[in-house]
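Visitor: Give me coordinates for this.
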Amino acid sequence: MWKLKVPNKVKLLLWRACTDSLPTMSNLFKKNIVPDCTCYHCMKESETILHTLWTCEKIRQVWLNEFHDLHNSGQSITLFVELVDVVQVRHRNLGLFAMICWSIWNRQNKSRMGEHVVPLDPLFEFAGKLLAEFQQAQKVSPKPVRSTRPRWKRPDLGSRYQGSSDKLSRGNYGSFVRKVSMPSSIVLLETLAARRAVVFIQELGFCGSIFEALYRVFQFVILSGKMILQNFHADIVVPYTI
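Guide: Numbers count the residues shown, from 1 in each chain. A predicted model of the protein is given here:
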């Protein structure tokens, strides 16, 4: 049922019909919601799911186009789920069957609300057209939309640092931890970590590196540590400013 090539709303209706969970007059009557369970359309029989979608004389003509032999076979069917099993066993078009059921149910609900509805005579063609349009639309796969926004990519070589209340800096080629008292601001903490990262990679013998940090942080590093940056090349990547 769930693998049918029909809209999801049609699959849901078919599942609810098979589990007897549609709000037919019979089900509403059982819950004391309505005083009578008589079919709203034929005014003769109790409106069960099987009746409203299959056996009601008002919709008989809809099924005579494609399912006339099954409808006139006289086979004893008491539940809608049994009807679905019979349709599957006889290798009928279950997708078209489900679409017709949805069209009937949708038409009857609109009719009760006084809305404009499709006449019963062309309802079979109407359901078939909806199914064909849906299946044709599924064959045309939309082209994926590629984002034009630049995405950050981690440098292949370089150094990274991180500042927190107990970790001062970290590099790709080694790491160390130094506990410090919490500075007065996050920017100051990041500045200390960035400055120590420059010293750290100089100690490792590198003459250049790539940094990613807040612009204000590296302003502080450059202004307060010009001596540290002598004979040292650093490319600064600034993702955003504060």
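
Visitor: which parts of stretch 53-70 are buried?
Guide: 53-56, 58-59, 62-63, 66-67, 70 (16 or more other CB atoms under 10 Å). Any C-beta I mention is one placed from the backbone N, CA and C, and that applies to glycine too.

Visitor: Other residues contacting it?
Guide: Here stretch 53-70 makes contact (CB atoms under 8 Å, 6 or more residues apart in numbering) with 17, 39, 41-42, 44-45, 47, 71, 77, 80, 83, 86-87, 90, 92-93, 96-97, 100-101, 104-105, 120-121, 123-124.

Visitor: Tell me how far Gln136 lies from Cys101.
Guide: Look at Gln136 and Cys101: by CB to CB, to the nearest Å, they are 21 Å apart.

Visitor: Please say which of those two ends up with more neighbours.
Guide: Higher neighbour count among Gln136 and Cys101: Cys101, with 23 against 9, using other CB atoms under 10 Å.

Visitor: these two touch, right, the more buried one and Leu12?
Guide: No. Cys101 is not in contact with Leu12 according to CB atoms under 8 Å; the separation is 11.4 Å.

Visitor: Val117 contacts Asn109, correct?
Guide: No. If you go by CB under 8 Å, Val117 and Asn109 don't touch, sitting 9.2 Å apart.

Visitor: These two: which has the busier surroundings?
Guide: Legend: neighbour count by other CB under 10 Å for Val117 and Asn109, higher for Val117 (16 against 12).

Visitor: Assumed the more buried one was part of a helix.
Guide: No. According to DSSP: H, G, I helix; E, B strand; the rest coil, Val117 belongs to no helix; its state is coil.

Visitor: which residues touch it?
Guide: Contact analysis of Val117 by CB under 8 Å, 6+ apart lists 107, 110-111.

Visitor: Filter those down to the buried ones.
Guide: Neighbour counting with 16+ other CB under 10 Å marks Arg107 as buried within the contacts of Val117.

Visitor: Which of the contacts of Val117 fall within helices?
Guide: 107, 110-111 (DSSP state H).

Visitor: would you list these in TSV and tack on distance to Ala132 and pLDDT?
Guide: As requested, these are arranged in TSV below (distance: CB to CB, whole Å; pLDDT from 0 to 100):
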residue	distance to Ala132	pLDDT
Arg107	19	94
Lys110	22	92
Ser111	25	90
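
Visitor: Let me know the closest of the residues you listed to Leu131.
Guide: Nearest to Leu131 out of those is Arg107 (CB to CB; 15.6 Å).

Visitor: Tell me the backbone dihedrals of the closest residue to that closest one other than its chain neighbours, please.
Guide: For Arg107, ignoring the flanking residues on the chain, the nearest one in space by CB to CB, 6 or more residues apart in numbering is Val117 at 4.8 Å. When read as degrees, to the nearest 10, the backbone of Val117 gives phi -130, psi 160.

Visitor: got a pLDDT number for Val117?
Guide: pLDDT, Val117: 91.

Visitor: Next, find the distance separating it from Met25.
Guide: Relative to Met25, Val117 is positioned 18 Å away (CB to CB).

Visitor: What residue spans form the domains of the protein?
Guide: For the chain, automatic domain parsing gives the domain ranges 8-135, 169-237.

Visitor: Perfect, that will be all.
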